[in-house]
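# Return a 3D structure for these sequence lines:
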Amino acid sequence: MEEQKEEALSKTNKNEQVKWKFFLMGIAVIVVLIGIFGVVYTVIAVRNLSTSPTVLKVAEVLNLPVLRVNGSAIPYVTYMDDLSTLNEFYSKAPEGAVPPSGEAVSDQVLSRLIVNSLIKDIARENQLTVTEEDIQKLKDEIFAQYASEAEVEVELQEQYGWDMATYIEKIIKPLVTEQKVSEAFEAGEINVGDEVYQLTDEVRASHILFRTDEEGVDLDDVKKNAEEVLARAKSGEDFASLATEFGSDATKEVGGDLGWFGQGMMVPEFEGPAFSTPVGQVNDQLVETQFGYHIIKVTDKRSVRNFGEYLDNRINDAKIEILIDKVHDPLEEYRRLQALNNTTQENSAQDVIVEEVVE
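Sure thing, here's the model as predicted:
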């Protein structure tokens, strides 16, 4: 009798264990299904360009990409974050200014993400690294026009919703990397194989800016002051000292030095005199631009390999995959123009061959 009771109890326990196993298995299946549903929902939401915080968080965890550049994924979250920031920036444009279309803003964001990815590739290939000293140096140059770093942080928060760490990661580091890659290329330190690149002219100049684009400025007084300082600069006074004393932009902290720049990098009114003034001389006249009056001194000139042409080639050779149908390809027009240019060159080459045969 006792044995029968124990046997019955044992069977009951086994039945309970089986029930619990099926129950737990059922829970596990439900959890998996919920997870699968969450992933599928997130993927669909991403394809529809969702900005939901929940979707963005899951997309970040899953590392869902918006595009790939040579196999390197550009996260959807990064794209949407930059897109939101740029839209916010344009929303604060002065009254009357026409903001770019949504497609144009998206193109700007993606183009910069593509270029940044390619430049990181070039830096890695050539073992070019960004140091803390590099970052600090550029920060000092950019922040020189502010009273303190705290003032910069306030403006970053108001304009972009960024803290300093975000600004360094999104702006400073990519700028430093691009600068290093560009300098290495121009110096011939980057191997380009058999490719031959055109030389482009660059100028190194310093300037002293007398601003006229601020409210309440007496234009006659500003011009008179600028003319007096121009006379002193032409007479041989130390230009860097004059720039430090009278300059009104960030370059005053470095004696007015603008560094090296090529054609198309400055406004036309400034570029012309900068390229035409001989090395070591101060331009004879004040140069007026939308920012104010400039006194320009050219300190050096050189011809270097065209980095823009090299970057164009890297873009042409890159495998760039837009992974979301609703995202416009920012390089669509670029590729069309490149194809048109290539066709024109091929036709010109054929014409030359025909002429030679006829002759």
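# what pLDDT does the residue most central in space within the chain get?
With distances taken as Cα atoms, centre = their mean, R112 lies nearest the centre of the chain, 4.5 Å away. What the model reports for R112 is a pLDDT of 93.
# How about F22?
F22 is assigned a predicted lDDT (pLDDT) of 46.
# next one: phi and psi at Y90?
As for Y90, its main-chain torsions (degrees, to the nearest 10) stand at phi -70, psi -30.
# hang on, it packs against P100?
Yes. Using Cβ atoms under 8 Å, Y90 is in contact with P100, at 6.7 Å. For glycine as for every other residue, the C-beta is placed from the backbone atoms N, C-alpha and C.
# thinking again about what came up before, grab the nearest non-local neighbour of the residue nearest to the centre of the chain.
Leaving aside its sequence neighbours, R112 sits nearest to D82 (Cβ to Cβ, 6 or more residues apart in numbering; 7.7 Å).
# what sits against that neighbour?
V109, R112, L113, K170 (Cβ atoms under 8 Å, 6 or more residues apart in numbering).
# Buried among these? Need that as a selection in ChimeraX.
Here is the ChimeraX selection string for the buried members of those, based on 16 or more other Cβ atoms under 10 Å:
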select :109,113,170
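# Relative to S303, which of the contacts of D82 is nearest.
Taking Cβ to Cβ as the measure, S303 lies nearest R112 of the contacts of D82, at 28.2 Å.
# Remind me which helix or strand the closest one belongs to.
Secondary structure from DSSP states H and E places R112 in helix 102-125.
# For S182, list the residues it contacts.
Counted by Cβ under 8 Å, 6+ apart, S182 has contacts F307.
# Could you list the low-pLDDT ranges of this structure?
Residue ranges of the chain with pLDDT under 70: 1-49, 96, 337-359.
# so where do the strands sit in it?
65-69, 72-75, 199-211, 257-262, 287-289, 292-305, 320-322 (DSSP state E).
# Please save the CA atoms from stretch 274-283 in PDB.
Extracted in PDB, the C-alpha atoms of stretch 274-283 (Å, rounded to 0.1, in the frame of the first residue of the first chain):
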ATOM      1  CA  ALA A 274      45.500  86.900 -52.300                       C
ATOM      2  CA  PHE A 275      46.600  85.000 -55.400                       C
ATOM      3  CA  SER A 276      47.900  88.100 -57.300                       C
ATOM      4  CA  THR A 277      49.900  89.700 -54.400                       C
ATOM      5  CA  PRO A 278      53.600  88.700 -54.500                       C
ATOM      6  CA  VAL A 279      55.100  86.700 -51.600                       C
ATOM      7  CA  GLY A 280      56.200  88.800 -48.700                       C
ATOM      8  CA  GLN A 281      54.100  91.800 -49.700                       C
ATOM      9  CA  VAL A 282      51.000  93.500 -48.300                       C
ATOM     10  CA  ASN A 283      48.200  94.100 -50.800                       C
END
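# what's next to that stretch, contact-wise?
Identification of contacts with stretch 274-283 by Cβ under 8 Å, 6+ apart yields 201, 203, 205, 230, 233-234, 239, 261, 263, 266, 273, 295-301.
# Mark which of those residues are buried, thanks.
For these, buried by 16+ other Cβ under 10 Å: 203, 205, 230, 233, 239, 261, 266, 273, 295-299, 301.
# I'd like to know which of those is nearest to E309.
Of these, the one sitting nearest to E309 (Cβ to Cβ) turns out to be F261, at 16.5 Å.
# and the two most separated of the contacts of D82?
V109 and K170 (11.1 Å).
# how near is the nearest residue to G264 once chain neighbours are set aside to T289?
Using Cβ to Cβ, 6+ apart and skipping residues adjacent in sequence, the residue nearest G264 is E271, 7.6 Å away. Separation of E271 from T289 (Cβ to Cβ, to the nearest Å): 10 Å.
# Count the residues that sit near T177.
By other Cβ atoms under 10 Å, the residues close to T177 number 20.
# who's in contact with it?
By Cβ under 8 Å, 6+ apart, the contact list for T177 reads N116, I119, K120, A123, L128, V130.
# And Y334, by the same measure?
Contacts for Y334 (Cβ under 8 Å, 6+ apart) come out as I315.
# With I295 instead?
H207, I208, A226, V229, L230, A233, L242, V282, N283, L286, V287.
# repeat for E227
Contacts of E227 (Cβ under 8 Å, 6+ apart): L286.
# Check E186 too.
For E186, the contacting residues are V304, R305, F307, by Cβ under 8 Å, 6+ apart.
# Name the nearest of these relative to N191.
Here the nearest of the contacts of E186 to N191, counting by Cβ to Cβ, is R305; it sits at 12.3 Å.
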